[in-house]
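Undergrad: Here is the input, now give the coordinates:
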Amino acid sequence: MPKKSLHMKILLWGWAVMLCALLLTFWFYYGTVAEELANSSGQNTSRLLNFVRRQISKSETSPGTSSFQKEVTELGHDLGIRITYIKDGKVLADSEVQEKRLSKLDDHSDRPEVIAAEASGSGENIRYSTTLDTRMLYVAKTMSKEGEFLRLALPYSVIGERLDRVKWNFALVLLLIAIGSALLLIYIGRRTSAAVTEISATARAIGEGDYSKRIRIIPGGEYQLLADSINTMARKIQGHIEIIEDQKNKLDAMFDNMKEGIMVLDTDGKIESVNRSMVEIVPETKNSKGRMPLEVLTRHEIQDSVDVIINNLNNVKSDSIILDFPDGRSMNVTICSFNDSNSRRKLILVFHDISEVRRIEMVLRDFVSNASHQLRTPLTSIKGYTETIIDNPPQDNHTLSKFLNIILDNANHMSKVITGMFALARSEYSGKKLRSEPTSLNETITHSINNLTKQAASKKIKITTGHIAENPVVGTDEGLIQIFENLLENAIKYAPENSSIKIETELKGDSITTKVIDEGPGITPSDTERIFERFFKLDENAVENGSSGLGLAICRSLVRNFNGDIWVESPADTATGTGSSFCVKLPVANG
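TA: Predicted coordinates for the structure are as follows:
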C-alpha cells in the first residue's frame, strides 16, 4: 500500500501563501489610496488654511471678542469648513460652536495637530470629533503671536466612503477566491501520514541541535530518499560538530593559557576578544569589547598599524612593533590579518613580553660600557710602563721596582673593578629577590670587623661597637657581611690615622637601623646621593687608594634586595663639621 504524500500540506501552504499575497496586495492598495486621498485633502485644507490665516490677519477685530467670533463664523460658513482660533490651549473662536459654549470647550493644547504646529509651525491629524460627532481632518498653523494657532477642520466622510467601498469590494472578491480554492483543496488534498510527521519532527530536532535523532519509520515512495538524506545529514553533522567542539576546546585552552597576550579585532578594527594573559598585561582590556585599541592601550603606534592593515593599505598584511611602557615593561607586538568565514579581514595582535631580554641587553651594554671605561686608564698605565721596561729597561733596581709596583697596583685595581662588577651584577641584575632568612646582626658585624682589623691597624684606626640589637633581621650572612665590610672598608679608607670608627644599632618599630660612623672629612650635601652610584668616587686618585667605585652601589643593591634602605648622614659631628654616618635600615625578621 503506497504511503501518503505531503500534497495536502503543500496545498494548504500554497493556499495560505495565496491568501497572504492577496491580503498584502489589498493592504498596499488600500494604504496607497488612503494616503493619496489624505494627502490631497491635506493639501486643499492647507491652501484654505493659508487663505483664512491671511483674512484673519487683516481683520481689525481682536481674538476673544464677539465681533471676532462672528467674523470667524461667517468665514467658516462661506468656505464650508470649521475654523477654530486657539490661544494657549483656549478656544477664542470657533465657526461651528456658539459663542456662549466656547468657555466650556476642553483645553486644545494637547491636540496632536496643535502640538505638531507648535514644534514645526504646522501640523495635521485625522480623528473623531465629539463636538461635531463625525471624523474630521484637522490642519493647524501658528499665528504671528506666540501661543496662538489657527485650525481648520474638514469632514472626513467623503474619503471614508470611498475607502469603505474599496474595502468591501475587495473583501467580497477575497472571500469568493478563498471559498473556491478551499473547495478545490478538499477535492485534490490528502491528509499527512504519521511517517511524514516523524520526518518533520526529526528534521526539527536536528535543527535544534539533537544530532542523535534518526528517522526510524521510513515511508516509502518519494519520501524514501528524503528520509535517507536526513539520516545521513544528521550523522555527518554530528561528526563535524564533535570535531569542531574538540578543536574549539583545544584552541580555548591554548588561548587562555598562553603567556603571550592575545587581542582579536573585528572587521571594523574594534576589540572582539582578549585572553587571560592580555588582561594581566593590560588590565584595562578586561571589559574592552567593542572599543578601539587606541582607547585601551593609548598607543597610537598600534592604532596606526591596525588602520593600515585592516584597510589593506599598501598591501600590508602584518607588522611588528616594540613598545616601551612607563612601568619599564617592553612588549613586542605582532599584528597579523586573517579572513573569517565571510572572507572579511580581521586582525590578531600578539603581545610578547621582552622586558627580560631588553633588561639583559641593557645590562650587557652597561657592563661593557662600564668595564671599558673603568679598565681603560689602568690598562693604559700597565701597557705604558711595560713597554718602557721592555724598550728602555731602568738601570737601577729602585726605578724598576717602582715601575713594577705601579703595574701591580693597576692590575690589582683592575681585578677589584671586575670583582665588584660581577658582585653588583649578581645582586642587582639577577631578576629576582635574593633568598633571605632571619640573620644575626651581632654575628655579621663581628665577622666583618674581624676581617678588617688588620687593614684598620695599618692606619692605627680603632673599630668600636656600641649597643647592638639582639633581634634578627631579614637578610643572609653572606649579604650582610658584604654590606658591613664595604662600609667599614670605605670608612677606613677616608678616616684619618689615629681615629676611631663606631658601629651602633637602634631598634625602632619593626626595623633596626645600623650606623657606621667615621671621623673622616665628611661628604658634601650634593654628593650624599651620588656616592651610591656605580663608579662614582670622591677621590679621583682611584688606583692609589684601591677604589673601584662599586662598593656603595653593591651595598645599596643588597639592602634593597632585603627590603631595606641605606643612606648617609654627613657631617656626623655637627660641632666640627666632620665625619660621616652610613645608615643601614633592615626589617626585623618575624619568628
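Undergrad: what ranges do the strands span in the stretch 101-250 of the chain?
TA: 122-129, 134-142, 148-155 (DSSP state E, counting those that start in this stretch).
Undergrad: Where is the longest helix in the chain?
TA: helix 7-58 (DSSP state H).
Undergrad: How about the contacts made by residue 504?
TA: Residue 504 makes contact with 465, 466, 467, 468, 514, 515, 517, according to CB atoms under 8 Å, 6 or more residues apart in numbering. C-beta: built from backbone N, CA, C; applies to glycine.
Undergrad: Kindly format the C-alpha coordinates of whichever helix or strand it is part of as CSV.
TA: Per DSSP states H and E, residue 504 falls inside strand 500-508. C-alpha atoms of strand 500-508 as CSV (Å, rounded to 0.1, in the frame of the first residue of the first chain):
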residue,chain,number,x,y,z
SER,A,500,88.1,55.6,65.5
ILE,A,501,85.1,54.0,63.7
LYS,A,502,82.0,53.3,65.7
ILE,A,503,79.2,50.8,64.9
GLU,A,504,75.9,51.1,66.8
THR,A,505,72.3,50.0,66.2
GLU,A,506,68.8,51.3,67.0
LEU,A,507,65.6,49.3,67.2
LYS,A,508,62.6,51.4,66.1
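Undergrad: so where's the stretch 401-550 of the chain shaky on pLDDT?
TA: Across the stretch 401-550 of the chain, the ranges flagged by pLDDT under 70 are 413, 416-417, 419-434, 534-549.
Undergrad: Quick one: the strands in it, in order.
TA: Along the stretch 401-550 of the chain, counting by DSSP E, counting those that start in this stretch, strands occupy 437-439, 462-465, 473-475, 500-508, 511-518.
Undergrad: Next, format these as JSON lines and append distance to residue 410.
TA: Conversion of the strands of the stretch 401-550 of the chain to JSON lines gives the following (distance: least, CB to CB, whole Å):
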{"stretch": "strand 437-439", "distance to residue 410": "37"}
{"stretch": "strand 462-465", "distance to residue 410": "29"}
{"stretch": "strand 473-475", "distance to residue 410": "35"}
{"stretch": "strand 500-508", "distance to residue 410": "28"}
{"stretch": "strand 511-518", "distance to residue 410": "27"}
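Undergrad: Ok, which of those comes nearest residue 128?
TA: Among the strands of the stretch 401-550 of the chain, strand 511-518 comes nearest to residue 128, with 89.5 Å by CB to CB.
Undergrad: The helix or strand of the chain with the lowest mean pLDDT: how far from the chain's middle?
TA: Ranked by mean pLDDT, DSSP states H and E, the weakest helix or strand in the chain is helix 194-207, scoring a mean of 71. Mean-position distance between helix 194-207 and its chain equals 47 Å (CA atoms, centre = their mean, to the nearest Å).
Undergrad: Who are the packing partners of that helix?
TA: Counting contacts by 3 or more CB pairs under 8 Å, 6 or more residues apart in numbering; DSSP states H and E, helix 194-207 packs against helix 224-257.
Undergrad: any idea which helix or strand comes after the helix it packs on?
TA: Counting by DSSP H and E, what follows helix 224-257 is strand 261-265.
Undergrad: Pull that following strand out as PDB, backbone CA atoms only.
TA: Once non-C-alpha atoms are left out, strand 261-265 reads as follows in PDB (Å, rounded to 0.1, in the frame of the first residue of the first chain):
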ATOM      1  CA  GLY A 261      48.700  38.400  25.400                       C
ATOM      2  CA  ILE A 262      46.200  37.900  22.500                       C
ATOM      3  CA  MET A 263      43.800  40.500  21.200                       C
ATOM      4  CA  VAL A 264      41.400  39.800  18.400                       C
ATOM      5  CA  LEU A 265      40.000  42.700  16.300                       C
END
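Undergrad: That one vs helix 224-257, what angle?
TA: Counting by axes from the mean of the first three to the mean of the last three CA atoms, to 10 degrees, strand 261-265 lies at 130 degrees to helix 224-257.
Undergrad: residue boundaries of the helices in the stretch 401-550 of the chain?
TA: Under the criterion DSSP state H, counting those that start in this stretch, helices of the stretch 401-550 of the chain are mapped to 441-457, 477-494.
Undergrad: got CSV for those helices, with mean neighbour count and distance to residue 39 too?
TA: Listed next are these as CSV, based on neighbours: other CB atoms under 10 Å; distance: least, CB to CB, whole Å:
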stretch, mean neighbour count, distance to residue 39
helix 441-457, 16, 100
helix 477-494, 21, 94
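Undergrad: re the thing from before, the contacts of residue 504 into a markdown table, with extra columns for neighbour count?
TA: Compiled in a markdown table, those are given as follows (neighbours: other CB atoms under 10 Å):
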| residue | neighbour count |
| --- | --- |
| 465 | 14 |
| 466 | 11 |
| 467 | 10 |
| 468 | 16 |
| 514 | 25 |
| 515 | 18 |
| 517 | 22 |
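Undergrad: hang on, the earlier thing: for the strands of the stretch 401-550 of the chain, which one sits closest to residue 82?
TA: Nearest of these (CB to CB): strand 511-518, 95.4 Å.
Undergrad: strands paired with the closest one, and their directions?
TA: Strand 511-518 pairs in its sheet with strand 500-508 (antiparallel), strand 580-587 (antiparallel), by DSSP bridges.
Undergrad: Could I get the buried residue list for the next helix or strand after it?
TA: Once the chain leaves strand 511-518, the next helix or strand it forms, by DSSP H and E, is helix 551-561. Residues of helix 551-561 classed as buried: 551, 552, 553, 554, 555, 556, 557, 558, 559, 561 (neighbour count, 16 or more other CB atoms under 10 Å).
Undergrad: pLDDT on helix 551-561, on average?
TA: Summarised as a single mean, pLDDT over helix 551-561 is 82.
Undergrad: which other helices and strands contact that helix?
TA: Using 3+ CB pairs under 8 Å, 6+ apart, helix 551-561 is in contact with helix 397-428, helix 477-494, strand 565-569, strand 580-587.
Undergrad: so how far is it off the chain centroid?
TA: Centroid separation for helix 551-561 versus its chain: 39 Å, with CA atoms, centre = their mean.
Undergrad: what angle separates that helix from strand 580-587?
TA: 20 degrees.
Undergrad: buried stuff in the strand holding residue 504?
TA: 501, 502, 503, 504, 505.
Undergrad: swap in stretch 149-157?
TA: By 16+ other CB under 10 Å, the buried positions in stretch 149-157 come out as 149, 150, 151, 152, 153, 154, 155, 156.
Undergrad: picking that back up, okay if I get the helices and strands packed on helix 551-561 as a markdown table plus distance to residue 14?
TA: Formatted as a markdown table, the helices and strands packed on helix 551-561 follow (distance: least, CB to CB, whole Å):
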| stretch | distance to residue 14 |
| --- | --- |
| helix 397-428 | 86 |
| helix 477-494 | 92 |
| strand 565-569 | 90 |
| strand 580-587 | 88 |
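Undergrad: Of all those, which one comes closest to residue 56?
TA: Across these, closest to residue 56 is strand 565-569 (CB to CB), at 91.4 Å.
Undergrad: Report the mean confidence score over the closest one.
TA: Across strand 565-569, the average pLDDT comes to 90.
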